[in-house]
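> Output the structure for:
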Amino acid sequence: MDAAEARLETTPARAVEQLLEDLGLSRREMAEALEATPRTLERWRSGGTYPQVETRRRLAALLALDDRLRETFTEREAVHEWIATPSRYLGGLTPAEAVRVGRVDRVEAALEALDSGVFL
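Residues are numbered from 1 along each chain as shown. Coordinates of the predicted model:
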């Protein structure tokens, strides 16, 4: 089991709820980030189905990003603002857009730059 899989210590339903609240993404954006349909996301949220292995890895990566965001920002509103603001570090994309296209690694790198004092 890799670190991302180990991080998924909660149910997918709880993980999705937490991420929707903490990241401020819409249900459609969250579904896109997990490469699922909004309907599938709703089935996970209701406990009707369980995500496959690769999706669980993506979910765990988003939870790790959520933890990192909470280390960097003290208020949820600040996270929401940062997630929705275009970043030069991300080539003009917002972190939310980068997450939606599966580039959690780039968002983490942008956070690392921010934490290091690079304000792009």
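
> correct me, but residue 59 touches residue 11?
No. Taking contacts as C-beta atoms under 8 Å, residue 59 lies outside contact range of residue 11: 10.4 Å. Placement of C-beta: from N, CA and C, glycine included.

> between those two, who's got more neighbours?
It is residue 59, of residue 59 and residue 11, that has more neighbours when counted by other C-beta atoms under 10 Å, with 25 against 13.

> Secondary structure element holding the nearest residue to the more buried one once chain neighbours are set aside?
Leaving aside its sequence neighbours, residue 59 sits nearest to residue 15 (C-beta to C-beta, 6 or more residues apart in numbering; 5.4 Å). According to DSSP states H and E, residue 15 maps onto helix 12-23.

> which strands and helices sit next to that helix?
For helix 12-23, the elements it packs on are helix 27-33, helix 38-46, helix 53-72, helix 76-84, judged by 3 or more C-beta pairs under 8 Å, 6 or more residues apart in numbering; DSSP states H and E.

> Tell me what angle it forms with helix 38-46.
110 degrees (axes from the mean of the first three to the mean of the last three C-alpha atoms, to 10 degrees).
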